[in-house]
Every structure is written in structure tokens, then in C-alpha cells.
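Novice: everything below, folded, please.
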Amino acid sequence: MTAELGQWALMLALGVALLLGSVPLWGAHTGRAHWMALARPLAVAQFVLVGAAFGLLVAAFVQMDWSVAYVSQHANGLLPWPLRVAATWGGHEGSLLLWQLMLSGWTLAVAAFSRRLSPDMLARVLAVLGLVSIGFLSFTLFTSNPFDRALPAPRDGQDLNPLLQDPGMIFHPPLLYMGYVGLSVAFAFSIAALLSGRLDAEWARWSRPWTLAAWSFLTLGILLGSFWAYYELGWGGWWFWDAVENASFMPWLVATALLHSLAVSEQRGSFKSWTVLLAILAFSLSLLGTFLVRSGVLTSVHAFASDPRRGLYILAFLVVVIGGSLALYAWRAPRIGLGGRFDLLSRETGLLLNNVFLLVSAATILLGTLYPLALDAITGARISVGPPYFEAVFVPLMLPLLGLLALGPFVNWKRDTWDALWTRLRGAWPVWLAAAAVTLLAAGIWARLSAGVAGGLLLAVWIGVGTVHLVARRVQGVAARSWPRALARIPAAWWGMVVAHLGVGVFVAGVTLARGLDHVQDASLQVGQAVQVGDYRFAFQNLQRAQGPNYVAARATFEVSRGGQRLTTLYPEKRLYVVQRMPMTEAAIERGWTRDLYVSLADTGPDGAWGVRVQVKPFMSWVWAGVLTIAVGGVVSACDARYRRHRSRSFSEPEGATQPLPHAGFGAPPTLVGNWKERHA
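Specialist: Below you'll find the predicted structure:
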């Protein structure tokens with residue numbers, strides 16, 4: 001009865017979502033406190049029911065219940081049990097159920113950790129999340145049910161796609177979905193603020209930690225996906241500008257802009273309408289990614305094969321959510337205003353430029369991703385937009401953004417002067433130190449650095465040194481007082497910003513060196529032969545047969561030496577998965593802080609020689625460490641204790657800021673809000 005129980009759990013969850021999306025919202029509109037109070041128990045019930053359905057699907061995979069069609073399509077008796085669990089989200093139906101589990105989990109988290117939020121605001125936020133859940137639960141039940149039976153049941157399953165039979169499958173999709181779905185919380189807060197007409201400090205302060213958490217998860221998901229592609233696909237690349245890769249990168253860019261706008265909205269009262277629009281765009285792009293992956297409009301190693309019904313449903317859902325939210329924004333935005341005024345030379349201007357660069361970058365990626373699909377649909381012509389286009393348009397947009405990254409925190413809020421700014425950066429010693437560091441690197445380590453590599457290193461060092469200089473100035477400002485107390489009073493959000501900016505510098509250095517100084521050699525080798533790549537010699541010593549749980553493999557042995565001294569032994573494999581008869585390349589990598597040694601096998605030639613790709617990739621670990629540091633910065637910022645403190649008073653509106661929107665039929669009655677503030681004062 002596993003499948004039937006899972007089906008009933010999803011049906012009940014849909015019923016609960018219908019209640020969650022309507023009753024608390026109407027209660028907030030009419031001022032009925034007992035209706036608003038239903039939001040929390042309904043959020044708990046929805047999570048329990050969706051969690052039960054997901055647990056039953058996992059149990060079907062672990063027990064190898066081949067009578068469930070989805071299980072028989074994505075598992076096999078030879079598949080190791082950890083991968084059988086991961087196979088739960090290895091196909092379209094299960095991944096959609098994982099998405100819904102994450103959505104109900106975020107809804108539960110908001111209900112549990114927002115007890116100091118005003119009841120009407122919380123009711124609206126949870127109701128918006130409930131409305132989103134209605135769309136995904138109905139999509140699951142009516143077009144993508146993972147509990148459909150396969151009768152008569154097959155004797156064994158068809159196995160999981162060999163590309164997905166990797167430990168990365170266990171962690172990458174959940175992390176990525178946590179980020180994707182977490183953006184729905186920022187979206188819900190923005191829609192709730194538009195409905196209530198109160199875009200004040202409370203809205204921005206409560207929305208910011210949830211956005212930081214989602215952004216951090218999305219960063220980790222993208223990192224793990226890139227690392228997985230690096231070692232699994234066998235070509236040594238870590239980003240291919242694939243359409244589905246772009247589908248996760250675009251909302252990350254917009255969410256990064258959203259984080260900076262939320263900081264301005266919370267602290268200075270500016271960018272209010274801009275921040276709401278960014279929240280809508282970030283979640284809209286995450287929904288667009290769902291459409292691209294599941295509609296069948298593109299072919300990718302990441303995409304799920306799908307039928308047209310699913311694509312049409314997602315497209316309709318996309319139109320309703322994005323169109324409805326943008327229509328609400330267009331109706332309410334003129335009365336929101338831009339918030340406080342600021343001069344041309346101010347930190348607000350710098351953050352606005354930051355957001356413009358990030359949004360234009362996301363737009364160029366969106367154009368390169370959708371243009372081939374639109375051209376194919378209109379004219380039938382098929383074109384491919386690959387890395388040359390994206391690198392030609394994306395990199396120039398990032399250069400000025402990175403150049404301003406270290407300078408921005410030195411500029412004052414609201415207004416500043418060039419003389420005062422120059423005094424803070426007197427002597428411009430960060431620039432000179434960065435230039436000196438690059439010169440020493442060029443002279444002492446690499447004699448022939450290209451202009452691009454030298455420029456990238458200069459930019460990376462400028463970011464790092466400028467950030468360290470910022471910390472030094474902040475510490476000097478508290479040195480006159482007790483150091484432990486003074487440092488403890490610096491907000492965690494500020495330290496998180498510092499950590500994330502340092503991570504950007506490390507990442508830029510890693511990408512610059514990995515792309516500019518790598519050595520790649522393709523060769524055809526027989527046992528006993530060797531190939532020289534840079535200073536390293538790769539000797540093909542042996543070839544033997546290996547047996548895995550559900551595959552057979554040819555395992556090669558390569559001895560790596562440098563200057564006649566043996567360094568390590570690598571064991572690349574060419575696998576054949578016996579159920580699907582699909583060959584796979586398993587690269588062998590010796591990792592280090594300054595270089596990766598990378599060997600992968602291709603096919604054999606007519607003479608019995610093996611195609612081999614050998615690579616020396618410098619500073620790849622810096623790429624991964626940089627992105628990980630960026631994510632850690634987001635986590636540190638999200639843990640700022642200020643976000644957990646109650647502060648019912650709105651910020652003082654700066655000069656020129658507009659006042660909160662009037663009731664307009666959507667806000668809670670003033671008496672209800674006033675009584676709540678009196679009880680919690």
C-alpha cells in the first residue's frame with residue numbers, strides 16, 4: 001500500500017495547501033485573528049503530509065518495489081542503497097516531489113521562526129507560500145505522479161542514469177533545490193508587503209535573513225554541481241554555460257542584487273520598489289529554470305525528458321505567477337516610491353551600479369539561453385550559443401563590478417565628497433600593493449604572464465587587499481575601547497560581507513590562473529608509453545579489469561613524475577554499466593592547493609591504443625575554496641542576532657522618502673495592528 005498511501009498524502013497536502021492559500025489571507029484582509037492563527041498549524045500539516053509522501057517514495061526505492069512505475073524506471077537491484085535513496089530525485093516526478101518537500105519545509109521554517117512578525121504579515125506570507133504549493137502539488141498529482149503503478153510489475157528496474165550514479169547525486173540536488181525554493185520566501189514577503197501596503201523596516205529586516213539563507217544554499221548547490229561536472233564528465237571543465245547551468249546561475253545573480261538592495265532598504269529606507277521587483281524576478285527565474293528543465297524544450301545532461309502536457313502546465317503556471325505578481329507590482333509600485341534620496345557619490349549609488357551590472361549580466365545570459373529556443377520555435381532554424389558568446393558578454397560586465405567591489409564599503413551612506421573619500425584611501429596603497437604583488441608573481445613564478453592573467457590577478461589582489469584594509473580601519477575605530485567588547489559589537493552581517501568579498505577575490509584568482517596557465521595534452525598511448533605535459537611526465541604503466549556493483553571497467557595505472565622524482569599514481573577508468581549498456585569516463589585527479597593533475601580515458605583506436613587526455617590545472621582548489629568562502633559569508637550574515645530581535649518600530653523615513661501605503665482594502669485594520677504592537681511592546 002506504499003503507493004496508495006503516498007497518493008493519499010499528496011491529495012491531503014493539496015487540500016491543506018488550498019486552505020493555507022485562502023483562509024489566512026482572507027483573515028488578514030478582514031481582520032479575523034482566529035483565521036490568521038490557522039496559518040501555522042496548516043503549514044505544519046502540509047509539511048507532515050508532504051514529508052510522509054516523500055518518505056513513502058524513499059521506502060519504495062529502498063525496498064525495490066518495482067510495481068511503482070517511477071521506481072522501476074530509475075533503480076535496479078544492483079544499484080547500491082545510498083544511490084537508491086538518491087534515485088528518489090533522479091527523475092522528473094521524484095525531483096518535483098523533492099521541490100515540494102523543500103517548499104513545505106521553508107513554509108514550516110517561516111511559521112516556526114517568525115513568531116515576532118505581526119500576525120497579519122505572517123498570515124499573508126504563509127498564504128502566498130501556500131498558493132505556490134497549490135501549483136506544484138496539483139502539477140505533481142495531475143501530470144507527474146510518482147506513485148503510479150506499473151502492472152504487471154517488472155522483475156527488475158531499468159537502473160539510474162549512469163551519469164547520476166555518483167555521490168554528488170546525494171547532495172547536489174537537495175542543496176540546489178533549497179536555494180531555488182528558498183527564493184520563494186523572499187517572493188512571499190514582497191507580495192505580502194505589496195498586499196498590506198507596508199514596505200517598512202520590518203518587511204526588509206525579516207526578509208533579509210531568509211534571502212541570505214536561500215542564496216547560501218544556492219551558492220553551495222552551484223559549487224557542488226560545478227565540482228561534480230569537473231570530475232565526472234572527463235573533460236576537466238567546471239562550467240560549460242549549459243542552458244540548465246544558466247538556469248541556476250541567473251537567479252543567483254538576481255538574488256545577489258536582491259541582498260544588496262535589502263541592505264539598503266533596511267538601513268536607509270531606499271530602493272524599496274526596486275527591492276520588491278528584484279524579489280519577484282529572482283523567484284520568477286527559478287520558476288523559469290523549472291520550465292526549461294522539465295518542458296522538453298532543450299536537450300541537456302541535466303534536463304528531464306518530458307511530455308508536452310507538463311511543459312504547457314508549467315508555462316501556464318509561470319504566466320500566472322509571474323504575470324500576477326508583476327501586475328500587482330505595477331498597480332502598487334507608483335505609490336511605493338523609491339525611498340530616501342542620496343547624492344551621486346554615495347554608497348547607495350555604488351550599490352545601485354552593482355545591481356545594474358548584475359541584472360544586465362543575468363539578462364545577457366537569459367538572452368543567450370532563450371534565443372536559440374525562440375528561433376527554433378519561430379523559424380525551425382537550429383543554432384547553438386556556447387561559451388564564446390557568454391564569455392564575450394559576461395566577463396566585460398563583471399570587470400567594473402569587481403573593480404568597485406573593494407571600493408564600495410569605503411564610501412559613506414547618502415552623501416560623500418571626493419576629498420573625504422581620498423583621505424580614507426590616502427596614498428592608494430591597496431592599488432600599489434596589488435600591483436607590486438602581481439609584479440613579484442610575474443617575475444618570480446611565471447616569466448610569461450599574459451595581459452589577461454596579469455589583469456585578473458591584479459583585480460583579485462585589489463579585492464583582497466581592499467577588504468583587509470576595510471577590516472583594519474574598522475578595528476582601528478574600536479581600538480580605543482575594550483577590544484573583545486568592541487569587536488563583538490560589530491554585526492555578524494558585516495563580518496559576513498567581509499568573508500564573502502574575500503571569497504570573491506580568491507575565486508577570481510583561481511579562475512584567472514586555472515584558465516590562463518593550464519596545460520592540456522591529448523595523446524594515443526599504449527601500455528608502456530608516456531606523455532610529457534609541462535614539467536610532468538605521465539607514464540601508462542598498466543591496464544586491468546575492474547568489477548563494480550553494477551558495472552565493469554577498464555582501469556589504467558598512470559605513474560606521474562616530475563624531474564625524475566615520482567609524485568603519485570593515478571587510476572582513471574572507462575566503465576560500462578551493464579543494465580543500460582552505457583559507457584562512462586571516470587577521471588583520476590591528484591588535487592593540491594597549487595595544481596590538479598588530471599587524467600581521463602577515451603576510447604581505443606584500431607591499433608589498440610587508448611585515447612588519453614592529460615591536464616595540469618593550476619589553482620583549481622582556489623576556485624572551489626573561493627565559492628565555498630562566499631557561501632560561508634552568506635551563512636555568517638544570516639546568523640546576525642539582530643534579525644532575531646523584535647523591533648516593531650519602522651525606520652525613520654529619510655528625507656524625500658514616501659510614506660507607507662494606505663490600507664487600500666488589503667492592509668490589516670489599524671486597530672488589530674495597534675493591539676498587537678501593544679501586546680508585544
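
Novice: and residue 518, what does it touch?
Specialist: 615, 616, 617, 618 (CB atoms under 8 Å, 6 or more residues apart in numbering). For the C-beta atoms, the positions are set from N, CA and C on the backbone; glycine is no exception.

Novice: just checking, what packs against the strand or helix carrying the third one?
Specialist: For residue 617, the element it lies in under DSSP states H and E is strand 610-618. Contact partners of strand 610-618 among helices and strands, from 3 or more CB pairs under 8 Å, 6 or more residues apart in numbering; DSSP states H and E: helix 492-516, strand 519-525, strand 530-533, strand 536-547, strand 595-604.

Novice: cutoff 7 Å now
Specialist: Using 3 or more CB pairs under 7 Å, 6 or more residues apart in numbering; DSSP states H and E, the elements in contact with strand 610-618 are helix 492-516, strand 519-525, strand 530-533, strand 595-604.

Novice: buried sites along the third one?
Specialist: Using 16 or more other CB atoms under 10 Å as the test for burial, strand 530-533 gives 530, 531, 533.

Novice: residues in contact with the last one?
Specialist: By that I understand residue 533. Counting by CB atoms under 7 Å, 6 or more residues apart in numbering, residue 533 touches 519, 521, 614, 616.

Novice: quick one: the strands in the chain?
Specialist: Listed in chain order, the strands of the chain (DSSP state E) span 519-525, 530-533, 536-547, 551-562, 565-570, 573-577, 582-586, 588-590, 595-604, 610-618.

Novice: include distance to residue 627 when you put those into CSV, please.
Specialist: Conversion of those to CSV gives the following (distance: least, CB to CB, whole Å):
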stretch, distance to residue 627
strand 519-525, 23
strand 530-533, 27
strand 536-547, 27
strand 551-562, 27
strand 565-570, 25
strand 573-577, 27
strand 582-586, 24
strand 588-590, 18
strand 595-604, 16
strand 610-618, 16
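
Novice: among those strands, which comes closest to residue 312?
Specialist: Each of the strands of the chain has some distance to residue 312 by CB to CB; the shortest is strand 582-586, at 30.9 Å.

Novice: between strand 551-562 and the closest one, find me the angle.
Specialist: On the basis of axes from the mean of the first three to the mean of the last three CA atoms, to 10 degrees, strand 582-586 is oriented at 20 degrees to strand 551-562.

Novice: and the residue nearest the centre of this structure?
Specialist: Nearest to the mean C-alpha position of the chain, by CA atoms, centre = their mean, lies residue 218 at 2.1 Å.

Novice: list the contacts for that residue?
Specialist: Listed by CB under 7 Å, 6+ apart, the contact set of residue 218 reads 176, 179, 180, 248, 251, 252, 255.

Novice: any idea how far it is from residue 502?
Specialist: According to CB to CB, to the nearest Å, residue 218 and residue 502 sit 20 Å apart.

Novice: which stretches of the stretch 451-600 of the chain have low pLDDT?
Specialist: For the stretch 451-600 of the chain, the stretches flagged by pLDDT under 70 are 477-486.

Novice: for the stretch 251-400 of the chain, what spans make up the helices?
Specialist: Counting by DSSP state H, counting those that start in this stretch, one finds helices in the stretch 251-400 of the chain at the ranges 272-294, 308-336, 347-379, 387-405.

Novice: okay, now the closest residue to residue 54 other than its chain neighbours: neighbour count?
Specialist: Distance criterion CB to CB, 6 or more residues apart in numbering; nearest residue to residue 54, sequence neighbours excluded, is residue 101 at 4.8 Å. Neighbour count for residue 101, taken as other CB atoms under 10 Å: 21.

Novice: ditto for the one 5 residues further on
Specialist: Neighbourhood size, residue 106 [other CB under 10 Å]: 24.

Novice: wait, it touches residue 182, no?
Specialist: Yes - if you go by CB atoms under 7 Å, residue 106 and residue 182 touch, sitting 5.7 Å apart.

Novice: most remote residue from the chain's center?
Specialist: Max radial position in the chain (CA atoms, centre = their mean) goes to residue 607, at 46.2 Å.

Novice: just read off the phi/psi values of that one.
Specialist: phi -90, psi 10 (degrees, to the nearest 10).
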